[in-house]
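S.K.: with the input below, show me the fold.
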Amino acid sequence: MSYLLPHLHSGWEVDQAIITEEDRVVVIRFGRDQDPTCMVQDEVLMGIAEKVKNFSVIYCVDIDEVPDFNGMYELYDPCTTMFFYRNKHIMVDLGTGNNNKINWALADKQELIDIIEIVYRGARKGRGLVVSPKDYSTKYRY
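M.R.: Numbering: from 1, shown residues only. So this is what the prediction gives:
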């Protein structure tokens, strides 16, 4: 499904997408299009793109094609989703300890919509860290 989402093919394009968007949250999925985890995430992103178009814009970046951010954002996971607002990285406290990014595929569309909405509301108020509506610390129930 990633072919239905807009792709950014260079570091400059990623920077421009983050810098030029004034009123909406920029959601960027870093990963490989052929990775199964990314395929799940892309399908969810595609499903919600129309619903969240008023307050967010969604892009995909292939970490092999654009390796510029791999070190800066520690993009070592198969699929990573990050949020930006007015050229600022917005962190999300998901209860996992890593507030910089979501490094797994969120299969529930409503959960992702809720997270993007919380990011938008918090970022508009000037917050750099927002708290997720759901705690993912017990995602893997051992």
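S.K.: state which helix of the protein is the longest.
M.R.: helix 109-124 (DSSP state H).
S.K.: C-alpha coordinates for that helix, CSV please?
M.R.: Extracted in CSV, the C-alpha atoms of helix 109-124 (Å, rounded to 0.1, in the frame of the first residue of the first chain):
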residue,chain,number,x,y,z
LYS,A,109,-6.5,2.9,12.8
GLN,A,110,-8.3,4.7,15.6
GLU,A,111,-5.3,4.5,18.0
LEU,A,112,-3.1,6.1,15.4
ILE,A,113,-5.7,8.8,14.7
ASP,A,114,-5.8,9.5,18.4
ILE,A,115,-2.0,9.8,18.7
ILE,A,116,-1.8,12.2,15.7
GLU,A,117,-4.6,14.3,17.2
ILE,A,118,-2.9,14.4,20.6
VAL,A,119,0.4,15.4,18.8
TYR,A,120,-1.5,18.2,16.9
ARG,A,121,-3.2,19.6,20.0
GLY,A,122,-0.1,19.5,22.1
ALA,A,123,2.2,20.9,19.4
ARG,A,124,-0.2,23.8,18.8
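S.K.: for this structure, what spans make up the helices?
M.R.: 11-20, 36-49, 109-124.
S.K.: any idea of the angle the last one forms with helix 36-49?
M.R.: This points to helix 109-124. 70 degrees (axes from the mean of the first three to the mean of the last three C-alpha atoms, to 10 degrees).
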